[in-house]
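Engineer: Predicted model and sequence below, questions to follow.
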Protein chains: 2
Amino acid sequence: MNGKKGSFEINIPSIPKAKMPGNGKKSSGDDMAFFSCKVWIWNVWEFCKEDSNRVVFSLKVGLAVLLVSLLILFQAPYKVFGTNIIWSILTVAIVFEYTVGATFNRGFNRALGSLLAGILAIGVAQLALSTGRVAEPFVIGISIFLIGTVTSFMKLWPSLVPYEYGFRVILFTYCLIIVSGYRMGNPIKTSMDRLYSIAIGGIVAVLVNVLILPIWAGEQLHKELVASFNAVADSLEECVRKYLEDDGSDHPEFSKTVMDEFPDEPAYRKCRTTLNSSAKLESLANSAKWEPPHGRFRHFFYPWSEYVKVGAVLRYCAYEVMALHGVLHSEIQAPYNLRITFQKEIQDATTQAAELVRSLGKDVSNMKQTLKTALLKRVHSSTERLQRAIDMHSYLLTSNYEPPDSSKPLPKLSHTLSSTLYDLSNQLAELDKTDLDQTSNLTNQNPPPPQTESYHEMMRKQSRRLHSWPSREVDAFEEEGSFSADTMIPRMKALESTAALSLATFTSLLIEFVARLDHLVESVDELSRMAKFEHEGL
Amino acid sequence: MNGKKGSFEINIPSIPKAKMPGNGKKSSGDDMAFFSCKVWIWNVWEFCKEDSNRVVFSLKVGLAVLLVSLLILFQAPYKVFGTNIIWSILTVAIVFEYTVGATFNRGFNRALGSLLAGILAIGVAQLALSTGRVAEPFVIGISIFLIGTVTSFMKLWPSLVPYEYGFRVILFTYCLIIVSGYRMGNPIKTSMDRLYSIAIGGIVAVLVNVLILPIWAGEQLHKELVASFNAVADSLEECVRKYLEDDGSDHPEFSKTVMDEFPDEPAYRKCRTTLNSSAKLESLANSAKWEPPHGRFRHFFYPWSEYVKVGAVLRYCAYEVMALHGVLHSEIQAPYNLRITFQKEIQDATTQAAELVRSLGKDVSNMKQTLKTALLKRVHSSTERLQRAIDMHSYLLTSNYEPPDSSKPLPKLSHTLSSTLYDLSNQLAELDKTDLDQTSNLTNQNPPPPQTESYHEMMRKQSRRLHSWPSREVDAFEEEGSFSADTMIPRMKALESTAALSLATFTSLLIEFVARLDHLVESVDELSRMAKFEHEGL
């Protein structure tokens, strides 16, 4: 089942340790064995409860092999089919897949492969027979070599990769028929018998799979896509919540987090699996195409490939969430009080965006087509409010501004004008001091305010001293001699002075996320149209 | 080969149309057929030339099936093994994989599965025999059902998923042995014969695979990782180059680009495949673990899993490149002249970073361990220079600044002071006008420059009028009545005023990329240490 075309991997979230009985304290001997057995049974039980389809699938496989075995265990069919019927068992074991579509797909590969191999084998066997007793084994040997080479080469060809299993079937069926035909004579009868029994196996597998509690790939694909919507919305909210909560106290080392373990961020991990789900969605869609209309998907040529497209657009949104997450765990962080300043706007935009994503997911889930204009406009307006807030207070993001007291949040947006003026005076002061000669002719036109070292100027200098930047010239780094003894890997220094711009990055990414939502809405609309979802509220 | 554990997909770049002969003009009848045949042969030829291993693999499969077929075509071995030898053919066809490691892995699954199934079958057959002639088929039937159910269930269990094929083998081997044992009697002989012939098939497959031009999974993994390094470096440079070149004239619609077609960005597409390569690296590493020491990888327990880890860290760097690419194709763009202002710094940092990534890739490729401190420090210092430039000129990123002439690049960094002063005077003017009453007490302390509507003020107003923002209040969007007739999907408005912050986003992401390089260097160091790469230049 593992990642093959036409099948898919089943992800099982590990069961939290705390939920297992017999965990936490050590006991010895019998107790140990008893407990570990209990834990084991508990795990299996949880695993089954999580998705009862797993048990259904297992029982169906058991039933299918039992049914074909009956053909050989009972006297009557055994007399008809003979020992060739063992090929039915092999076929069932190989063809039976988790979903109906995958089983059809594999059955088709097996059937077509066997048929082609049979025809080829009969042709070559007749040719070999006509060459006489001496040449026959040579013709057969050469043909086997050629078939082996050609099928192996063809299955590497990109557009034929999905039919890899079919080529394998051609290879071994051809060899089996031609070789046993050579030894037993009558290749036509051999291949016919084999095709019959393969057909019986295939039919049993397909019937059991379809008639008894079928597991449809389409249904799985549908659920998978809806879950992706929720995962993206959840992880967006989680990421923003953590960003606004985070007061810089707990920053795990990046190297610890790089190996994908964020135990406190379940939604992020779900989102990451969304990013890696493209292969899964595609293989499910491939399988679903083989399925007849069923359940909620009642019309022929249901647009399964549109699901893959919506998934791709959703993944593009998820990339932005990943980038947001990157900023959240970045080493250069905007000060807490700056983040708090824009809290309301960021929060609003996030909530609206997440709501829109969830509502799209719900629409897909219910197969309803609702008008998203109102919701979309609301998202836009809250994002525009965020942009305006950033726009109006962008001076806060430049390094020259230092909040009066970094432990207190900044004054609310509407009351920051006084600080702005402080800031401006600082800028002028700085320019005046550092580049007096260059600016002298300009300052005559626009006379700067009279200079004393203001409170903020002092604060800023102090803070720079704290961060000791720039304590030396950057170019000093480049003198080769200065670090020859230093074999440690140097760590990049985060410039605290540009830290505030990290907030701009965060909001830009959030805004870009919202911009991509337009396309998400569009692609869901396209899906609704093509899949003929019910209209509602029009 | 398609995405299975222990195997991997082979990506073939599509052959550019222009290179194909017979392209471009239409001809009819024979010519057509001749040309399409020529094109086809040309394609196959290119496909083989691209990676000669493909041809080698195909020929090896042909040889292996030929060898086992000889056992049945020649009289002597046929007399020894009988018809059971056809199981060897089946085994070769199923076990033979592209790489040595994958073949070992699959052979192991097949061998262990067959062995377990054989033992089980003999046990159950003896039990069934002892229950008497009537009960025997029932015992056998029930056992088949149970084995079918249990193996199917077990292969769904997450930690057993890699052995999925083994469970399949257990199922059908068990059924075959017990059923044919029931019909032919003597289940022990049946299972022994079968195990012999499976062993012969497995041994032939492994020997051919290992002794004749072996394709090692380890070697492939090694090359794959090195290629990833180059892909990330290339796409970083490509992305930055396009960002600095892009004068806003050619922005393809996002919806056209979302379906992953960036025909003019080959490096980006390579980078995206790097992002999706985690499964491939993992399956190659899984296969490589089965391989004996070979070629350049001479010691036992070679740390193949470290390759996967380095790949994961590299992927984290690639996420930043994806985000940079997102900014490049974002709808909100910083003005061209602003980008040009920081061109040198951005270019420097990018070149250095790309050089470091490539040099790491080269080290891995050559299995050398060189000191990266100098290079890393150079990257850091150029990044710090970029940060300082942004820091010093962050006022350029705020909305209140409008360049004098948007068609000309901004004056270089060292000459922007005059514009700064203009800008400051504008800011003061704006504040003064809009909130005169609030600021009056402050302006007494810092008297603003005399106010006339300056050139820049005019420019800014004009540009705002052009973008018609904010032409109406944001809250107007929220009045439900105002868009009830509007069934179109509204497009998000990009606020031009915050567009400059997009540059901040771009540079922040670039800086974050560099910050992550530290961890990349670290992980490559760890790999070098564990894989005992040669030291050089120490």
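Structural biologist: Cool, got the structure.
Engineer: Quick one: check stretch A:153-171 for contact with chain B.
Structural biologist: Yes - applying C-beta under 8 Å from any C-beta of the partner chain, one finds that stretch A:153-171 is in contact with chain B at A:153, A:155-158, A:161-162, A:164, A:168, A:171. The C-beta positions use only the backbone N, C-alpha and C, and glycine is treated the same way.
Engineer: pLDDT of that stretch, averaged?
Structural biologist: Here stretch A:153-171 scores 89 as its mean pLDDT.
Engineer: next one: stretch A:393-401
Structural biologist: Computed over stretch A:393-401, the average pLDDT equals 60.
Engineer: how many other residues sit next to A:Leu281?
Structural biologist: 25 (other C-beta atoms under 10 Å in any protein chain shown).
Engineer: hang on, the earlier thing: most neighbours among the residues of stretch A:153-171 next to chain B, which one is it?
Structural biologist: In terms of neighbours by other C-beta under 10 Å, the residues of stretch A:153-171 next to chain B top out with A:Leu171 at 29 neighbours.
Engineer: quick revisit: how about the residues of stretch A:153-171 next to chain B in JSON lines, adding secondary structure?
Structural biologist: Listed next are these as JSON lines, based on DSSP: H, G, I helix; E, B strand; the rest coil:
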{"residue": "A:Phe153", "secondary structure": "helix"}
{"residue": "A:Lys155", "secondary structure": "coil"}
{"residue": "A:Leu156", "secondary structure": "coil"}
{"residue": "A:Trp157", "secondary structure": "coil"}
{"residue": "A:Pro158", "secondary structure": "helix"}
{"residue": "A:Val161", "secondary structure": "helix"}
{"residue": "A:Pro162", "secondary structure": "helix"}
{"residue": "A:Glu164", "secondary structure": "helix"}
{"residue": "A:Arg168", "secondary structure": "helix"}
{"residue": "A:Leu171", "secondary structure": "helix"}
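Engineer: For chain B, state which of these is nearest.
Structural biologist: A:Phe153 (3.9 Å; C-beta to the nearest C-beta).
Engineer: Counting by contacts, list what whatever helix or strand A:Leu281 lives in packs against.
Structural biologist: Using DSSP states H and E, A:Leu281 sits within helix A:278-288. With contacts taken as 3 or more C-beta pairs under 8 Å, 6 or more residues apart in numbering or on different chains; DSSP states H and E, helix A:278-288 sits against helix A:100-130, helix A:217-245, helix A:304-328.
Engineer: Look up phi and psi at A:Phe74.
Structural biologist: Note on A:Phe74: its backbone torsions stand at phi -80, psi 150 [degrees, to the nearest 10].
Engineer: Give me the three-state assignment for the closest residue to it other than its chain neighbours.
Structural biologist: Spatial nearest neighbour of A:Phe74, excluding adjacent residues (C-beta to C-beta, 6 or more residues apart in numbering or on different chains): B:Pro137 at 7.8 Å. Assigned by three-state DSSP, the conformation of B:Pro137 is helix.
Engineer: residue contacts, B:Pro137?
Structural biologist: Contacts here follow C-beta atoms under 8 Å, 6 or more residues apart in numbering or on different chains; on that basis B:Pro137 touches A:73-74, B:182.
Engineer: ok, now with 10 Å
Structural biologist: Contacts for B:Pro137 were tallied using C-beta atoms under 10 Å, 6 or more residues apart in numbering or on different chains; they are A:69-70, A:72-75, B:128, B:131, B:182.
Engineer: follow-up on the earlier one: compare the helices and strands packed on helix A:278-288 and report which one is nearest to chain B.
Structural biologist: helix A:304-328 (3.8 Å).
Engineer: helix or strand for the closest residue to A:Gly82 other than its chain neighbours, which one?
Structural biologist: Distance criterion C-beta to C-beta, 6+ apart; nearest residue to A:Gly82, sequence neighbours excluded, is A:Asp193 at 7.3 Å. Per DSSP H and E: A:Asp193 is located in helix A:187-211.
Engineer: Give me the buried positions along that helix.
Structural biologist: For helix A:187-211, burial by neighbour count (16 or more other C-beta atoms under 10 Å in any protein chain shown) applies to A:187, A:190-191, A:193-206, A:208-210.
Engineer: cool, stretch A:34-51 as well?
Structural biologist: Counting neighbours by 16+ other C-beta under 10 Å, stretch A:34-51 gives A:35, A:39, A:42-43, A:47-48 as buried.
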